[in-house]
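here are the coordinates; sequence isn't available:
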């Protein structure tokens, strides 16, 4: 009277195989860090191991948010944020007369600086040239030039920095220099 679909549904599910370790939207630097994690485990390099575990953990947590990390620049921002906290901790350990803990933090800062140096961004001179050209173009058009208008034109689709490896903080420093 009742046909059991139990056996057919199980056979259908066996044909589909999911790979949970695939990371299609992962930045290239993250793939390099995951490989370095394995090397650090084999070498028992605790400073590098702690740094890599922390960054990979923060990357995985960010993947669950509405804005996951998908580029090396976003990963660089994460590394720099972590570097600032490590330097602050090292300073506090130095003030508390704990040279052993300060040394650990300094080692972690060294590792973080190494990874931050692997991300290539536009140079300050190149950014200055582009910002200067854009400011003169906006002033020539008779528009009021402030940071908001300048950023909209620079980072808009088709703008001067659209899709280029440039940090917004660096552009903000240079733009404030030209707008004074």
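In hand now; what should we look at? These figures come from a predicted structure and were not determined experimentally.

quick check: residue 130 touching residue 161?
Yes - assessed by CB atoms under 8 Å, residue 130 is found in contact with residue 161 at 7.1 Å. No exception for glycine: its C-beta is placed from N, CA and C like everyone else's.

list residues touching both of those two?
Residues touching both residue 130 and residue 161 (CB atoms under 8 Å, 6 or more residues apart in numbering): residue 154.

the longest helix anywhere in the chain: what's the following helix or strand?
Ranked by residue count under DSSP state H, the longest helix found in the chain is helix 72-95. Next along the chain after helix 72-95, taking DSSP states H and E as the criterion, comes helix 99-116.

quick check: the residue nearest the centre of the chain vs residue 28, distance?
Nearest to the mean C-alpha position of the chain, by CA atoms, centre = their mean, lies residue 75 at 1.3 Å. For residue 75, the distance to residue 28 equals 9 Å [CB to CB, to the nearest Å].

which strands or helices does the helix or strand containing residue 35 pack on?
Take DSSP H and E as the rule and residue 35 turns out to sit in helix 28-43. Judged by 3 or more CB pairs under 8 Å, 6 or more residues apart in numbering; DSSP states H and E, the packing partners of helix 28-43 are helix 46-62, helix 72-95.

for it, buried residues please.
Neighbour-count burial for helix 28-43 flags 29-30, 33, 36-37, 40 (criterion: 16 or more other CB atoms under 10 Å).

quick check, nearest of these to residue 175?
If you rank those by distance to residue 175 using CB to CB, residue 29 comes first, at 26.8 Å.

hmm, that closest one is touching residue 120, no?
No - applying CB under 8 Å as the test, residue 29 and residue 120 come out as separate, 10.5 Å apart.

flag the shaky bits of the chain, pLDDT-wise.
Across the chain, residues meeting the criterion (pLDDT under 70) sit at 1-24.

perfect, I'm done here.
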